[in-house]
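> fold the following and give me the result.
(2 chains)
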Amino acid sequence: MIAFILRRIVQSILVMLVVALVSFSLFRYVGDPVATMLGQEATLQDRAELRERLGLNDPIVVQFWDFLSRAVTGDFGLSYRLQQPVMELILSRLPATLELALISGIVAFIVGVGLGVYTALNRRGVGSNSIMAVSLIGVSLPTFLIGVLLIWVFAVELQWLPSFGRGETVDLGSWTTGFLTESGRASLVLPVITLGLYQMTLIMRLVRSEMLEVLRTDYIKFARARGLSNRAINFGHALKNTLVPVITIAGLQMGSIIAFAIITETVFQWPGVGALFINSVQFVDVPVMAAYLLLISFIFVVINLIVDLLYYVVDPRLRVDRAAPGH
Amino acid sequence: MAEPLLSVRDLVVEFPTRRGTLTAINKVSFDIHPGEVLGVVGESGAGKSLTGAAIIGLLEPPGRIAGGEIRLRGERIDHLTREAMRRIRGKRIGMVFQDPLTSLNPLYTVSQQLTETILTHLPVSRKEARERAIALLDRVGIPAARRRIDDYPHHFSGGMRQRVVIALALAAEPELVIADEPTTALDVSVQAQIIDLIKEICMERGASVMLITHDMGVIAETADRVAVLYAGRLAEIGPVHDVITKAEHPYTKGLMGSIPTLSHDEDRLVQIPGSMPRLTAIPTGCAFNPRCGEAFAKCHVDRPDPIERPDNRQVACWLYEKESAHV
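Okay, the predicted model is just below:
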């Protein structure tokens, strides 16, 4: 088990190194930072000076090493556009994105599992058939379209919910939260639905098919033959076995929720890191882009690691906790 | 004779399909008396397992009981509500399935599965249930039951798992145990042990056994009476010794002839020509007539009902019609 964790950690570090290389190469190949920073009127001498100051004349390996060792300490330099430390920028925007992603993920998981179980248990019912039909829309409509439609219906026509921003936020030290104010919570509703809908339908369809599979197994048949109540069979025996593969997918989806928050944040002008990234792309603000890339892949890698460990908790067959001899 | 424990009369099981209704079991009748072991034999698809499933109320939809009745101690159990039937399953009728490797839920310990079954059916405390579970495991021959009860199914070998399954089937002291090919998936070396265990433990508790198998050797050693099924119909039923040594139905004769023995030095095994008809193409008259060497005109026209024979036997064959008229 410890060997397994170590191996996974080493793998994660390798992945991070590769991503670091990619984000580092952004500096060299995406536009010319010197031109961006100094504008068109700068003299050649100014440019050469800045080039020297930014270390752009050093050998690539040295630059990469510099980049790495500074990245590990959270130093990604100054934003070209805003002339602020990148890490500070990202940290100030991160709470908005994490709150949005977390709520989306939780809602998607709970509703997805619930509907999945419902449609699996009432396979031929009118209710499940309509849910399945609607879920097709959820899977196939692009996120931005759903967002725009929701804004149109609930913000423009019905005027129930705000169409952009986070509402009022409360400052808790280094974390700003929208959970504590009414406008903050109201602002969350539409983005959460937009961001979570796809994941929810995905989880629902997965739970449904897994559950149908599990309900056909011998141990469910045997549980019925033992006279256990339907509740014990469906929610104890069947659901637990269903969730083993679902956890992996749901965990990985959590990563993509954070990453794909970009689109939702753009549609709803949500002041998170996704929106920051989009703005940075427009201004070729390479340090921010590089830091964002690293941050997102770091979150992905960590979530993957957690999912792998969760497997051990859920599935006893993977635990080699004793030299258990069957005979 | 005393009132039978289980009485099946003219049982008909149908599967409605798009191309019409398939009759998988067609007017099968038999009794199981208290403390008796009834062997049920037949080829694959003869309806052995379906009969078991119909009795315990676990026919897979769209299969359904379309006629006849099933009585447990005189009380009809084929028309009970789901909930009433659930209370009979495990409590009054236990079932052992074919494959012990898949009959147990891999995510729950043996102890969880046993106590859950006991608590469902018996008014005992959690602690008492656990003690009972340990005693049961001990009884079915799990060494160090107290220590191993908290193991997961994958810690046990196939034979040991089947012992756990037997303990589960007997957890609430049922009056009837339906064992559906309980040894087919096991090593030959453990088969006899498991069969002996089932017989022994059921005798000890006064439970009757319906032993479904295609292994005539097992039947010969274990059963008191044997019922031979062919294409969803009862071909012959009677005391096991008589049926084996003096088979009357031509199909049973063929079946007995096809058992290899070490004592007789045969060059070839006898085999019955042809194969069992598919449910969609059961011939009129006796279902066995295309393969029967003794068939005559009537066999192709009318279906023979079981005819009472001396020594408590019944044979569904026109050959014995006249003969029995004289008796």
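
> so which strand or helix has residue 133?
Using chain A here. According to DSSP states H and E, A:A133 maps onto helix A:126-140.

> should've been chain B
Counting by DSSP H and E, B:A133 is part of helix B:126-139.

> repeat that for A:L150.
With DSSP H and E as the test, A:L150 turns up in helix A:143-150.

> cool, and A:I249?
Going by DSSP H and E, A:I249 is in helix A:239-267.

> go on, B:V243?
When secondary structure is defined using DSSP H and E, the element that contains B:V243 is helix B:240-245.

> let me see the ranges of the helices in chain B.
Along chain B, counting by DSSP state H, helices occupy B:48-56, B:82-88, B:100-103, B:110-121, B:126-139, B:145-148, B:158-169, B:188-205, B:216-222, B:240-245, B:250-257, B:321-326.

> quick one: contacts for the residue lying closest to B:D138 once chain neighbours are set aside?
Nearest residue to B:D138, sequence neighbours excluded (CB to CB, 6 or more residues apart in numbering or on different chains): B:A145, at 4.2 Å. Quick note: C-beta positions are derived from backbone N, CA and C, even for glycine. Contacts were defined as CB atoms under 8 Å, 6 or more residues apart in numbering or on different chains; by that measure B:A145 touches B:I134, B:A135, B:L137, B:D138.

> list the buried residues of the strand or helix carrying A:L202.
With secondary structure defined by DSSP H and E, A:L202 is part of helix A:182-215. Within helix A:182-215, the residues that qualify as buried are A:184, A:187-188, A:190-208, A:210-212, A:214-215, counting by 16 or more other CB atoms under 10 Å in any protein chain shown.

> gap between A:F64 and chain B?
As judged by CB to the nearest CB, to the nearest Å, A:F64 and chain B stand 47 Å apart.

> cool, and A:E182?
For A:E182, the distance to chain B (CB to the nearest CB) stands at 43 Å.

> that residue: what's it in contact with?
A:G167.

> report pLDDT for it.
A:E182 is assigned a pLDDT of 78 by the prediction.

> low-confidence regions, chain B specifically.
Confidence mapping of chain B against pLDDT under 70 gives the ranges B:1-2, B:260-269, B:323-327.

> residue in the stretch 201-327 of chain A nearest to chain B?
Here the residue of the stretch 201-327 of chain A nearest chain B is A:G227; by CB to the nearest CB that distance is 3.0 Å.

> report the central residue of the chain.
Just so you know, I chose chain A. A:I258 (2.4 Å; CA atoms, centre = their mean).

> my question was about chain B
B:I212 (3.0 Å).

> what are the ranges of the strands in chain A?
Listed in chain order, the strands of chain A (DSSP state E) span residues A:170-172, A:175-177.

> quick one: which of these is nearest A:R124?
strand A:175-177 (44.8 Å; CB to CB).

> quick one: strands adjacent to that closest one?
Looking at strand A:175-177 with DSSP bridges, its paired strands and their directions are strand A:170-172 (antiparallel).

> residues in contact with the helix holding A:L150?
Counting by CB under 8 Å, 6+ apart, the neighbours of helix A:143-150 from elsewhere in the structure are A:190-191, A:193-195, A:197-198, A:260, A:263-264, A:266-268.

> repeat that with 10 Å
Residues from elsewhere that reach helix A:143-150 (CB atoms under 10 Å, 6 or more residues apart in numbering or on different chains): A:137-138, A:141-142, A:156, A:161, A:163, A:189-191, A:193-195, A:197-198, A:260-268.

> over to stretch A:4-19?
Outside stretch A:4-19, the residues within contact range by CB under 10 Å, 6+ apart are A:68, A:71-72, A:290, A:293-298, A:300-302, A:304-305, A:308-309, A:312, A:318, A:320.

> near chain B too, which of those residues?
By CB under 10 Å from any CB of the partner chain, the members of those lying near chain B are A:L318.

> among the contacts of stretch A:4-19, name the buried ones.
Applying the neighbour count, that is 16+ other CB under 10 Å, the buried entries in the contacts of stretch A:4-19 are A:71, A:290, A:293-297, A:300-301, A:304-305, A:308, A:312.

> most widely separated two among those residues?
Comparing all pairs in the buried ones among the contacts of stretch A:4-19 by CB to CB, the longest separation belongs to A:A290 and A:Y312, at 34.4 Å.

> if I pick A:D75, what's in contact with it?
For A:D75, the contacting residues are A:F67, A:S69, A:P85, A:V86, A:M87, A:P287, A:A291, by CB under 10 Å, 6+ apart.

> for A:P95, see how far away the fourth one is.
Put plainly, it is A:V86. Taken as CB to CB, to the nearest Å, the spacing of A:V86 relative to A:P95 amounts to 17 Å.

> ok, back up a step: closest to chain B among the contacts of A:D75?
Proximity to chain B was ranked across the contacts of A:D75 by CB to the nearest CB; first place goes to A:A291, at 41.5 Å.

> leaving out sequence neighbours, find the closest residue to the closest one.
Closest residue in space to A:A291, ignoring its immediate chain neighbours: A:F76 at 4.0 Å, by CB to CB, 6+ apart.

> do the same with A:S209
Ranked by CB to CB, 6+ apart and with sequence neighbours excluded, the top spatial neighbour of A:S209 is A:A120, at 8.0 Å.

> surely the one you found touches A:L212?
Yes: counting by CB atoms under 10 Å, A:A120 touches A:L212, with 5.2 Å between them.

> shared neighbours of the two, anything?
With the criterion set as CB under 10 Å, 6+ apart, the overlap between the contacts of A:A120 and A:L212 is A:A238, A:T242.

> what's around A:E88, how many residues?
The number of residues packed around A:E88, counting by other CB atoms under 10 Å in any protein chain shown, is 14.

> sorry, wrong one. I was asking about B:A316.
B:A316 has 24 nearby residues by other CB under 10 Å.

> kindly report the same for the one 5 residues further on.
Residue crowding around B:E321 was assessed by other CB under 10 Å; the count is 13.

> ok, now which ones touch whatever residue of the stretch 1-150 of chain A ends up closest to chain B?
When distances are taken as CB to the nearest CB, the stretch 1-150 of chain A reaches nearest to chain B at A:R124, 9.6 Å away. The neighbourhood of A:R124, defined by CB under 10 Å, 6+ apart, consists of B:P61.

> now the one 3 residues further on
Contact criterion CB under 10 Å, 6+ apart gives A:L115, A:Y118, A:T119 as the residues in contact with A:G127.

> quick check: residues of the stretch 51-200 of chain A near chain B?
Applying CB under 10 Å from any CB, one finds that the stretch 51-200 of chain A approaches chain B through A:R124.

> picking that back up, which residues does the residue nearest to A:S209 contact?
A:128, A:204, A:207-215, A:234, A:238-239, A:242.

> nearest to B:P250 among those?
Of all these, the one sitting nearest B:P250 is A:L215; the distance, using CB to CB, is 42.1 Å.

> leaving out sequence neighbours, find the closest residue to the closest one.
Nearest-residue entry for A:L215: A:A238, 5.6 Å, with adjacent residues in sequence omitted and distances by CB to CB, 6+ apart.

> contacting residues around that neighbour?
Contacts for A:A238 were tallied using CB under 10 Å, 6+ apart; they are A:117, A:120-121, A:210-215, A:217, A:219-220, A:223, A:230, A:232, B:105.
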